[in-house]
Structure formats: structure tokens, C-alpha cells
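*Asks:* Okay, structure incoming, though there's no sequence with it:
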């Protein structure tokens, strides 16, 4: 029986499982990951306000794996060898006929002081709770929110959630009647932060910041973070709490392999999600670097689309056909504010932007329920 090994248990990995099983091919599937849980990170933005808690966004995958006849190999990837056919983990090795790499990216934490004096929110629910607890304990002060990128691969940025943390915290403090005791600051090294969302979106986001009395410091890269301030190339920004999302790069275990790497440190994939030069080996999501428009996003939706293409191409190969599916480059984003939302959609040369609308927040919550239903039932 054909053995498909999938590295990771996040969005791309699980979508690949679903698509392979949907195809009805006769294959054994093994998922390799340190734990059999999905952390639904898009809802992490709601933990600081108390709208969600860690248990709400943590999904046990045991029943899902059983339904999909998936073998879960508990372990962390150490290396890949034999042209992709052997995977070494810290709990043993696995052979495969097809491999999908979906272990996610890694935050670049080289900025001096970022580990000691800032919270990197999207590392997990515990960090969202940390933000909640820190703000709850503050009588007032300055909260600074920003994000960076990978200088060698500018597309490797996840800025959307930081806009959401910024607006969510602002709305939360207003609902608590405490906003007047806090100064909110947004900082970014670019003059047009979030430009991959499109010009209209950037203007809309900055307009919303101005409306909410959020101070912006743009066009100067942070050089270090200290206990009470963010230091940029141009100035010092006093801050009592700093939330900072650095750029992404590939996971550390890639250093133990001969996998082809992009300038930014990701696995080099093609338009069909094949690892360049490696037979029957695919990459999806944040682990990979792919051809496409300059706005190609590092987001769960894009990982799902890449996983669909990779799964379809593996099915092609199992059936003796050439891989024929290119992944769809598409960006769908609702920038949530806790009570409203800004919607951005991009595909090809088309961009759709919907300014602040009340249903945006509820649309995001409804989507959460629909998406997770497949894993909760």
C-alpha cells in the first residue's frame, strides 16, 4: 500500500489529509507531529479580551485521525534523507512513498531584546493569555504593537494579526472604560505597513488608527527593544508593553537536510507545491517559498489551497498520471476589531476592499465554527 507521510498537524497538513481521503485512493497516511492537537491561531486575537480562552482554540485531533484512518507518529522532525524517502524524528525513522512537508515556519528572533522585553503573540494560546494578564494588571501606560519581516524574503511576513491585536485591545479598553488611561502606538519599518493587502487596505487601516487615536511611527526599522521602550533607526518610543511579530524563516531542522532553500530560508517549492528537484516530495504552507504575486500571503487560507494542490498531485501520481494541479494564489482576510471588521480579498490582479463593517466580526466567528466543525465532530 502507498505510504504518505505528512510532517506537521497544522492547517496545511490536516487539509492534505482530508483531500487525500476525499479522493478515495488506497493509501496509508502517517502524520508526524509533537502533539495531536490543532491550535486555531486565527482566534488567538480574541484571548486578550477574554472572548476566547486557550481551551476554545485547542482542538484534540484524536477522533479526527481515527475517522480518517491516520496513524499519528508522536515526534519532532530531525532530518529528511534519501531524496525525501526517509524521515528522521526524535522518536524514530519513517520510510515513505510520498512526503508532504507542512511543519510551519519559525519567527526570526534576532532583534536585540525581543525575547526579553516583547511578547510574540502568535506563538500560541499561552502568549495570548500573557497579553490578557499583563493588560489586566496595568492601571494605564503605553502599549506598542508592531511587526517586522524577513529582509531576505519580504513576503515572509504575518502582519494581519498584529493589526487585529492592536484594534482588539483598543476596543477592549474602550468597553472597559479604561482607554483614556492608555496610549496606543503602532510601529513599523515600512511607510506603508501591510502593503500586501493593497493600497486601499493600508489607507483604510491607517485611517482607522487615526480615528482611534492610535499613534503611528512608520518608516524606521526597530533596532532593539528595551524594558521600557522600542528603539528604531530614528527615535525612541516609550512603551510599558510591547507586542512584536518578527518575520518568518524556515524551521531549524532544515539545516540537517539537503532540501533546496530560498534566500529567506524556506523550502523551495514550485507552482504545483513540489519541492524543486525532489521526486514525490511536496511542501505547503509557511515552510515553503513559492512562485506567485508579491502579495502571496503566509496565512492559513493559502496553506489550505497549497495543501489541496499537493494532495491532488499526489493522487495524480498514485494513479500513474503527471501532476496537473497548480495551487491557487488567493488572499482572504478580515481584519477584526472585536466588534467590526475590514475585509480584503486578492486574486490575480483583482483586489476587493470592504471598509469597516459590523458584520465583519461575526463573519469571522461564523467561519471559525464552520472550519473547526470538521475536526471537532
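*Replies:* Yep, it's here. Quick caveat, the model's predicted, so the values are computed rather than measured.

*Asks:* which residues of the stretch 101-250 of the chain fall in strands?
*Replies:* For the stretch 101-250 of the chain, strands defined by DSSP state E, counting those that start in this stretch occupy the ranges 106-107, 141-147, 182-188, 214-218, 222-226, 229-232, 236-238, 241-245, 248-249.

*Asks:* Give me the mean pLDDT for the fourth one.
*Replies:* When you say that, I think you mean strand 214-218. The average pLDDT for strand 214-218 rounds to 98.

*Asks:* try the second one
*Replies:* Strand 141-147 shows a mean pLDDT of 98.

*Asks:* mind listing what the residue lying closest to residue 202 once chain neighbours are set aside touches?
*Replies:* Sequence neighbours aside, residue 192 is the residue nearest to residue 202 in space, at 4.9 Å (criterion: Cβ to Cβ, 6 or more residues apart in numbering). The C-beta positions use only the backbone N, C-alpha and C, and glycine is treated the same way. By Cβ atoms under 8 Å, 6 or more residues apart in numbering, the contact list for residue 192 reads 199, 202, 218.

*Asks:* Next, format the strands of the stretch 101-250 of the chain as a markdown table and append mean neighbour count and distance to residue 313.
*Replies:* Output for the strands of the stretch 101-250 of the chain, formatted as a markdown table (neighbours: other Cβ atoms under 10 Å; distance: least, Cβ to Cβ, whole Å):
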| stretch | mean neighbour count | distance to residue 313 |
| --- | --- | --- |
| strand 106-107 | 18 | 26 |
| strand 141-147 | 24 | 33 |
| strand 182-188 | 21 | 37 |
| strand 214-218 | 16 | 41 |
| strand 222-226 | 19 | 41 |
| strand 229-232 | 20 | 44 |
| strand 236-238 | 15 | 47 |
| strand 241-245 | 24 | 32 |
| strand 248-249 | 24 | 25 |
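
*Asks:* Redo the ones you listed as a markdown table? Include distance to residue 281.
*Replies:* Output for the strands of the stretch 101-250 of the chain, formatted as a markdown table (distance: least, Cβ to Cβ, whole Å):
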| stretch | distance to residue 281 |
| --- | --- |
| strand 106-107 | 20 |
| strand 141-147 | 31 |
| strand 182-188 | 36 |
| strand 214-218 | 41 |
| strand 222-226 | 37 |
| strand 229-232 | 41 |
| strand 236-238 | 45 |
| strand 241-245 | 30 |
| strand 248-249 | 20 |
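
*Asks:* Of all those, which one is nearest residue 131?
*Replies:* Closest to residue 131 of the strands of the stretch 101-250 of the chain, according to Cβ to Cβ: strand 241-245, at 6.6 Å.

*Asks:* Give me the contact list for that closest one.
*Replies:* Contacts made with strand 241-245 from outside it, assessed by Cβ under 8 Å, 6+ apart, are listed as 107, 111, 114, 117-122, 131, 134-135, 138, 141-148, 158-159, 161-162, 165, 222, 225, 230.
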